[in-house]
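Have a look; sequence and predicted model below, questions after that.
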Amino acid sequence: MAAAWACSVEIGGSVKSHAVVIGMGYVGLPLAMNLVESGLSVVGYDTDAGVVESLNAGSSHVDDVKADAVRRALQRGFRASSDPSEIIDATEVIVCVPTPLDVDGQPDLRHVEAAARAIGQHVRPGALCVLESTIYPGTTEKIFAPLVSAGGLVVGSDVFVAFSPERIDPGNPEFGIRNTPKVVAGMTQECTRRARSFYEQIVSTVVEARGTREAEMAKLLENSFRHVNIALVNELLRLCNELEIDLWDVIRCAETKPFGFMAFRPGPGVGGHCIPVDPGYLRHHVRKELGSPFRMLELAEEVNAGAPRYVVERVQRMLNDASRPVKGSSLLLVGVTYKPDVADCRETPAAPIARRLADWGAAVRFHDPLVESWSPCPGGEPALQRVDDVYVAAAEADLVVLLQPHAEYDLERLAGSSVLLLDTSGRVQQCTAAVQRL
């Protein structure tokens, strides 16, 4: 390992940036690649030796980062490492680690705490340390900063601590790191100034929050906003079906209003790394700090958690109308990732749908062009059978459930191949008694 200041070369009176990005997942790896493209020296730190080996070999495990981008970064000096002493040479340390919920639905900050401890043991004086992981208000101030400065450094003069929430939207071709405004807030004014200067190297717009708690809450507001509005249309879907009103047409008409309305669409349930998880952080914080429930958010969680059950109910109803029971029926799930055109099955609503249908005795298979092997069970076993030709399998199945309308699918051909099809995405144009929208 190089000496502590080896990478901090004075150029024109300033210190050359050498960034260590902790966490090489869907947030950290794109950030690292953007930093390299901006001319910074970058090390990607991850505790997963397999990820480190793969990156150093020029491969990518993140959809939004192509292997070519990793290879170009390697040629420009990027490398991955599992050695926490890499932090010694860093002028900036950016933490992009997972913040899931535990088995009881409570915030799990173990990865943040581990990263902060590693920083505290190795950080050099003068370094900027930024937390990007989603957390509840007060985490930067009460957990992250104390661990970072545990070696005796003073925040604001010896080490500079800030929070800047990640805004990655996997699979979004329009908005990425560079053209998405970046919210920053430091523990002191100097911390904020340094964080702003750092991010201005890679993003077009930097927005300063009043403090770290405001920046932390902004992230939770963004995703809770989506969560609540998705719950609204999911609940409205059930009511409209009972009232024999076409909600999909209602939304089509409503979204023609050029002001005061933002279209959200119902679906099989929320999934992924943010929407099902982040509201739990806000719910926890309100209950812990105020001793009261966040009723609107908790109701939204209840509604969205019930969305997969409603899909199963609709499957049962369509089969019953065709004089078939769920038990013994052959069912095909099409698109099992959590969102279209993204190879990520974390928190996918396909999992509870598949489990419930299997529990009811159905023979469940799946197709997804982005997923080679998949199990709906938490332990990964048993895996569902994957079909090779979705259109042939659709013709063989008693009912097809379209969950994610990946761009690769010809939806009208899929509908035409199916005996019965339930479209949870609202994308199939011609609906009949045999082809129904959720």
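Yes, it's here.

The protein - how does it break down into domains?
Per the TED database, the domain ranges recorded for the chain read 18-210, 243-437.

Specify the stretch among the ones you listed that is closest to residue 224.
Using Cβ to Cβ as the measure, domain 243-437 is the one of the domains of the chain that comes nearest residue 224, at 4.8 Å. C-betas here are computed from N, CA, C, even on glycine.

Okay, buried residues for whatever helix or strand residue 317 lives in please.
Using DSSP states H and E, the element containing residue 317 is helix 307-321. The neighbour-count check on helix 307-321 (16 or more other Cβ atoms under 10 Å) flags 307, 308, 310, 311, 312, 314, 315, 316, 318, 319 as buried.

swap in stretch 377-394?
Those would be 384, 387, 390, 391, 393, 394, for stretch 377-394 by 16+ other Cβ under 10 Å.

That one: end-to-end distance?
23 Å (Cα to Cα, to the nearest Å).

Show the end-to-end separation of stretch 429-437, please.
OK, stretch 429-437 end separation, Cα to Cα: 9 Å.

contacts for it?
Residues outside stretch 429-437 that contact it (Cβ atoms under 8 Å, 6 or more residues apart in numbering): 248, 314, 318, 321, 411-412, 415, 418-424, 426, 428.

rerun at 10 Å
237, 241, 246-249, 266, 314, 317-318, 321-322, 399-400, 402, 411-412, 414-416, 418-428 (Cβ atoms under 10 Å, 6 or more residues apart in numbering).

out of the residues you listed, which are inside helices?
Among the contacts of stretch 429-437, DSSP state H puts 237, 241, 247-249, 314, 317-318, 321, 411-412, 414-416 in helices.

Now that we have those, which of them are buried?
Among the ones in helices among the contacts of stretch 429-437, those classed as buried by neighbour count (16+ other Cβ under 10 Å) are 237, 241, 247, 248, 314, 318, 411, 414, 415.

Any chance of JSON lines for these, columns pLDDT?
What follows is these, written out as JSON lines (pLDDT from 0 to 100):
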{"residue": "237", "pLDDT": "97"}
{"residue": "241", "pLDDT": "95"}
{"residue": "247", "pLDDT": "97"}
{"residue": "248", "pLDDT": "96"}
{"residue": "314", "pLDDT": "97"}
{"residue": "318", "pLDDT": "97"}
{"residue": "411", "pLDDT": "96"}
{"residue": "414", "pLDDT": "97"}
{"residue": "415", "pLDDT": "96"}
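
What ranges does the stretch 101-250 of the chain have for its strands?
For the stretch 101-250 of the chain, the strands defined by DSSP state E, counting those that start in this stretch occupy 128-131, 160-163, 182-186, 206-208.

Show me what the first one pairs with in its sheet, parallel or antiparallel.
Put plainly, it is strand 128-131. Strands that pair with strand 128-131, judged by DSSP bridges, come out as strand 92-95 (parallel), strand 160-163 (parallel).

Would you mind saying which of those lies nearest residue 202?
Closest approach to residue 202 among the strands paired with strand 128-131 is made by strand 92-95 (10.8 Å; Cβ to Cβ).

centre of the chain versus the closest one, how much separation?
Its chain's average C-alpha position is 20 Å from that of strand 92-95, according to Cα atoms, centre = their mean, to the nearest Å.

C-alpha coordinates for that strand, CSV please?
Taking Å, rounded to 0.1, in the frame of the first residue of the first chain, the C-alpha atoms of strand 92-95 are listed here in CSV:
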residue,chain,number,x,y,z
GLU,A,92,-12.9,11.9,-1.2
VAL,A,93,-14.7,8.9,0.1
ILE,A,94,-18.3,8.3,-1.2
VAL,A,95,-20.5,5.7,0.5
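
In that strand, which residues are buried?
92, 93, 94, 95.

May I ask you to confirm that the last one is in contact with residue 119?
Right, the one you point to is residue 95. Yes - Residue 95 lies in contact with residue 119 (Cβ atoms under 10 Å); the separation is 7.6 Å.

can you list residues touching both of those two?
The overlap between the contact sets of residue 95 and residue 119 (Cβ under 10 Å, 6+ apart) consists of 20, 22, 129, 131, 144, 148.

show me what contacts the fourth one?
Residue 131 is in contact with 22, 93-97, 99, 112, 115-116, 119, 139-140, 143-145, 148, 161-166, 212, 215-216, counting by Cβ under 10 Å, 6+ apart.

What about those residues, which are in helices?
112, 115, 116, 119, 139, 145, 148, 212, 215, 216.

what's the distance between the second one and residue 267?
With distances defined as Cβ to Cβ, to the nearest Å, the gap from residue 115 to residue 267 amounts to 34 Å.
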